[in-house]
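Visitor: everything below, folded, please.
(4 chains)
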There are 4 protein chains.
Amino acid sequence: MPESASVYETALGASTRETITLLGRDLAGEVMGEVGFGELAFWLATQRRPTPGETRLFEAVLAALADHGFTPTAIAARLTWLSAPDSVQGALAAGLLGGGSRFLGVTEDCGRFLHEALSAPGRDIPTTDEGWDALAVDTVQRAKAAGRRVPGLGHHVHKERDPRTPRLFQIAAEEGVRGPHLDLLAAVGRVHTEVLGRRLPLNGAGVCGAALADLGLPLELLRGFALLARTAGLIGQLAEELRTPVANEIFLSVDLHNRPVPPVPSATRWTSGGR
Amino acid sequence: MPESASVYETALGASTRETITLLGRDLAGEVMGEVGFGELAFWLATQRRPTPGETRLFEAVLAALADHGFTPTAIAARLTWLSAPDSVQGALAAGLLGGGSRFLGVTEDCGRFLHEALSAPGRDIPTTDEGWDALAVDTVQRAKAAGRRVPGLGHHVHKERDPRTPRLFQIAAEEGVRGPHLDLLAAVGRVHTEVLGRRLPLNGAGVCGAALADLGLPLELLRGFALLARTAGLIGQLAEELRTPVANEIFLSVDLHNRPVPPVPSATRWTSGGR
Amino acid sequence: MPESASVYETALGASTRETITLLGRDLAGEVMGEVGFGELAFWLATQRRPTPGETRLFEAVLAALADHGFTPTAIAARLTWLSAPDSVQGALAAGLLGGGSRFLGVTEDCGRFLHEALSAPGRDIPTTDEGWDALAVDTVQRAKAAGRRVPGLGHHVHKERDPRTPRLFQIAAEEGVRGPHLDLLAAVGRVHTEVLGRRLPLNGAGVCGAALADLGLPLELLRGFALLARTAGLIGQLAEELRTPVANEIFLSVDLHNRPVPPVPSATRWTSGGR
Amino acid sequence: MPESASVYETALGASTRETITLLGRDLAGEVMGEVGFGELAFWLATQRRPTPGETRLFEAVLAALADHGFTPTAIAARLTWLSAPDSVQGALAAGLLGGGSRFLGVTEDCGRFLHEALSAPGRDIPTTDEGWDALAVDTVQRAKAAGRRVPGLGHHVHKERDPRTPRLFQIAAEEGVRGPHLDLLAAVGRVHTEVLGRRLPLNGAGVCGAALADLGLPLELLRGFALLARTAGLIGQLAEELRTPVANEIFLSVDLHNRPVPPVPSATRWTSGGR
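Guide: Residues are numbered from 1 along each chain as shown, chains lettered A, B, ... in the order given. Reported below is the predicted structural model:
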């Protein structure tokens, strides 16, 4: 193994004795004080500086996902900080670890689902509303046939209408950054009732995924942007816990209502002669 | 919502002013000093006390998975401890977070794969070697047809034979705890060459998954046992780092060989008129 | 930088095409089936194989710390799994991240506190009960003078007596592995009332720390053993969650009782002319 | 326990069937598209909307801390993603867990150190440069006498001058948001040589801590803002890993250079008759 070959390329942070660069720019002079934090996060993820319109849509998505009150992730972060107050990083990490398939996954799932439909072999990107509707019908039918839910449809609280949904379409339109993922999702919103037999709202998390995909952010990391937004939200949760602590009360509300029950063996060993 | 209904049942730890119980037993008198740690972990997971033979096979599996030297997870744990020496829990957690689909997932994947084959509708558990071979041929053929890898086959280092494999079969036989998952995996080892056209060794991680499944441990948590084993291994890694530190050298071996390159924009925005 | 110098030594896992070793032993032949899991964890941490008596005390400590019911860490792990069911490693890591100064820290704090007292310059290890009592009085007085709590004293539930405490002393005595940390802690138990003016029980977590220190385990990692024990407990929690789920109910018990309040600005900017 | 008392107040996210609010504002109409992401993070942490000048300084701090190339945290995140590609949240969490006392702690330490000096009993906030110099001399002398390092002084790479330092002071001045923490740190920069006998640069991470403290952000969470910045940086690292993977090469550069050595027992058991 030729060790001299081990060189690790990066376009991110680099420094010498005199200088610090980030993304090939002088950090102090060209980035600090010049680039907003949302803009920088976009730039770091794509290595391309977003336009103001792209930044506005991106930051609207982050705002939509930042905090949803006492979610399991917020509760987990507060409980972890209660238990290990010496480690802010541990509390934030514990909160982020809930960012999986169920609670934060819709954003990623929806972006990927739409992208798959758009990039199917032989697929032409529609140019009319009728064309989008036809593609949407086909897409929802295929999902239904595969026994697969359509991500982006339905919300357990906002059963009629998720207020984030029209706002995101509005901002994308205002900034001229609406692309095919949002177009297809809008069409899914129009046509799904005829295929599925019931009307469901487009949820905000799904629209966020479509918007992030339109912006050219990497599909493999769409969940990462939900997590970035959530990091800001979790800091808000911990700051509130500092002033109005509830974690200990939550803990006690569970622990004081525990009821010891006898063990119930979950399983016996499998034997080849039958269990 | 009737709040008085919120009672949380558990058969695990419970205490009163005078007593502590675990799994319905008196912790101090019946568990401490009486139950080994592997045995206890099994008991906690199934709420059933394992037999000595089951414990021996279980602990052999944990030994097989505890530490594999400088894995990505071991390196991540050491680097995290270097960076945050105040938080042992953070270093262990960082190490465990690498326990996903690629490096520790084979154990879970193999257990589930075998279980799926065994519990297919209409499936009779074979009673002869020929019967097992036929089932194994069918199972491997289906996997091949579905373009799916057979978990448990192949190893990037032990290309001929993984020394853990025969040992686990031997212990299971000695203790009389070999069940259908191990039987099917053994048959896969015998027949896969005729289906796949090449001979691959049964890897130890896969055999571990079959053994855990035979022992009746919950399939949803097979990865959890690999992580339990790895926790002991990671403590060993950190203890060694205390005495023979290498994390800083690893860090420098990367950082001193970084090569700044210009950013390469990864993507542009999608537009409905074409990218 | 001479790259050829970068060699990373380890006595833990190593493998070649034909062999796997762990701690210099043949993994398959000398460890699997031969070494219990608690014994192996001890061996990995110290690179020395414990005696059966040492193993029994060590495993008793792990049993004492494995699970305490609905602790904040157990709740955090269950909530994280609810939220990200695809990632067992994330749920376990989230649970471990609560293993900090408050809930799991007593074990480490107590071991370190006793060790500090025993290794103070000019300190002779006592050889009589009177000698231990004198050292304990001095140790508690110094802690009191420094406004420092004596770790290992007091328990919020077991206000009279922690049942784990006499059991650990008993096992240590039965196995002939009681050493100076346990001796000093026992003396602290005898004498603290005269110094502090009130009687407190020795808590089990503190005695565990003393026992681990006596066994020669690294002080920097005492918390790590509590975390190892807790990993087994957390797997038990997740296994129980599989069968008797409570996480969603805990989440709802918080979320459905949220009360939106107006923001209260926490602080204004500091100005040098006064806030 | 009166259960009806369990109400959990929050000023963060809340929703009804029709509405979503955040910080008491209508999320869709008043936050999304109206509030930048840095501004929102500040607002969440303090429950007070920052001024544009405060936001600019805050975002400059986040830019300063976002990414420093191949740090241990970046490497840990990449290795974790390599090992568990199914879990972006795990990779980000692993990266954040390195945000402890050593690599990201300076920001928090410096903010707290300055705050302690400013809020000592009987302390008057100086109003002249001479006053600040006198306070700085006293502060550095006390640290020296206590054998304590002055956080914010010195940098292992930028030995002469950290380019972020003057830039942060400049932005604070331009925006009229320089407060006493920055004033005191500036004075420490002027006077420390006479106390410590050598000239050290003010490092950027320390100036960031002073700036965050001046902005009124909670001292207990200063590290949290470094972690927020780093989350964006880690997403950049993972995005780069997607396109120019290095994690496997880093792993191999360690693993292929491992050298198995015999175990060296770290310790023997302590016995009261001497070790």
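Visitor: contacts, neighbours, all on C-alpha from now
Guide: Fine.
Visitor: domains for chain A, by residue range?
Guide: Structural domains of chain A, as assigned by automatic domain parsing, span the residue ranges A:13-49, A:50-253.
Visitor: let me see the ranges of the strands in chain A.
Guide: Chain-ordered strands for chain A, with DSSP state E as the definition, fall at A:8-10, A:14-15, A:20-22, A:25-26, A:258-260.
Visitor: around chain C, which positions in chain A sit nearby?
Guide: Proximity of chain A to chain C is assessed by C-alpha under 8 Å from any C-alpha of the partner chain, with A:3-4, A:69-73, A:75-77, A:79-87, A:90-91, A:93-95, A:97-103, A:250-251, A:254-255, A:258 identified as the residues in range.
Visitor: and among the strands of chain A, the most buried is which?
Guide: Between the strands of chain A, strand A:20-22 has the highest mean count of neighbours, a mean of 23, where neighbours are mean count of other C-alpha atoms under 10 Å in any protein chain shown.
Visitor: isn't A:Ile125 right next to A:Ala117, touching?
Guide: No: between A:Ile125 and A:Ala117 no contact is recorded; they are 10.1 Å apart, counting by C-alpha atoms under 8 Å.
Visitor: gap between A:Gly152 and chain C?
Guide: Here A:Gly152 is placed at a distance of 18 Å from chain C (C-alpha to the nearest C-alpha, to the nearest Å).
Visitor: look up phi and psi at that residue.
Guide: Note on A:Gly152: its backbone torsions stand at phi 100, psi -10 [degrees, to the nearest 10].
Visitor: look up the closest residue to it, ignoring the ones flanking it.
Guide: Using C-alpha to C-alpha, 6 or more residues apart in numbering or on different chains and skipping the chain neighbours, the partner closest in space to A:Gly152 is A:Gly206 (4.0 Å).
Visitor: let me know the pLDDT of the one you found.
Guide: On the pLDDT scale, A:Gly206 is placed at 97.
Visitor: how about it, what does it touch?
Guide: For A:Gly206, the residues meeting the contact criterion (C-alpha atoms under 8 Å, 6 or more residues apart in numbering or on different chains) are A:Val106, A:Thr107, A:Glu108, A:Asp109, A:Cys110, A:Gly111, A:Pro151, A:Gly152, A:Leu153.
Visitor: quick one: the fourth one from A:Arg149, how far?
Guide: Meaning A:Asp109. Remark: distance between A:Asp109 and A:Arg149 (C-alpha to C-alpha, to the nearest Å) = 10 Å.
Visitor: those two - which one has more neighbours?
Guide: A count of neighbours by other C-alpha atoms under 10 Å in any protein chain shown puts A:Asp109 above the other of A:Asp109 and A:Arg149, at 22 against 11.
Visitor: which residues are in contact with the residue lying closest to that one once chain neighbours are set aside?
Guide: In space, not counting the residues next to it along the chain, A:Asp109 is nearest to A:Pro151; the distance is 6.2 Å by C-alpha to C-alpha, 6+ apart. For A:Pro151, the residues meeting the contact criterion (C-alpha under 8 Å, 6+ apart) are A:Val106, A:Asp109, A:Cys110, A:Phe113, A:Gly206.
Visitor: flag the shaky bits of chain A, pLDDT-wise.
Guide: A:1-5, A:273-275 (pLDDT under 70).
Visitor: the longest helix along it near chain D at all?
Guide: When secondary structure is assigned using DSSP state H, the longest helix within chain A turns out to be helix A:222-243. Yes: against chain D, helix A:222-243 shows contacts by C-alpha under 8 Å from any C-alpha at A:Arg223, A:Gly224, A:Leu227, A:Leu228, A:Thr231, A:Ala232, A:Gly233, A:Ile235, A:Gly236, A:Gln237, A:Ala239, A:Glu240.
Visitor: residues of that helix that come out buried?
Guide: Of all the residues in helix A:222-243, those buried under the rule 16 or more other C-alpha atoms under 10 Å in any protein chain shown are A:222-241.
Visitor: from the contact counts, what lies against it?
Guide: In terms of contacts (3 or more C-alpha pairs under 8 Å, 6 or more residues apart in numbering or on different chains; DSSP states H and E), helix A:222-243 is packed against helix A:52-65, helix A:72-83, helix A:88-97, helix A:105-118, helix A:204-214, helix D:37-46, helix D:88-96, helix D:222-243.
Visitor: closest to D:Glu18 out of the ones you listed?
Guide: Taking C-alpha to C-alpha as the criterion, D:Glu18 comes closest to helix A:204-214 out of these, the separation being 12.9 Å.
Visitor: and the closest one, what's buried?
Guide: Taking 16+ other C-alpha under 10 Å as the neighbour-count basis, helix A:204-214 is seen to contain the buried residues A:Gly204, A:Ala205, A:Gly206, A:Val207, A:Cys208, A:Gly209, A:Ala210, A:Ala211, A:Leu212, A:Ala213, A:Asp214.
Visitor: coming back round to it: can I get the domains of chain A in JSON lines with distance to D:Thr55?
Guide: As requested, those are exported to JSON lines (distance: least, C-alpha to C-alpha, whole Å):
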{"stretch": "domain A:13-49", "distance to D:Thr55": "9"}
{"stretch": "domain A:50-253", "distance to D:Thr55": "14"}
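Visitor: just to revisit the earlier point, of the strands of chain A, which is nearest chain D?
Guide: strand A:14-15 (5.6 Å; C-alpha to the nearest C-alpha).
Visitor: got a list of contacts for that closest one?
Guide: By C-alpha under 8 Å, 6+ apart, the list of residues contacting strand A:14-15 reads A:Ile20, A:Thr21, A:Leu22, B:Pro260, D:His68, D:Gly69.
Visitor: ditto for stretch A:38-56
Guide: Residues from elsewhere that reach stretch A:38-56 (C-alpha under 8 Å, 6+ apart): A:11-12, A:23, A:58-59, A:171, A:175-177, A:215-218, B:263-267, D:33, D:36-38, D:63, D:232-233, D:235-237, D:239-240.
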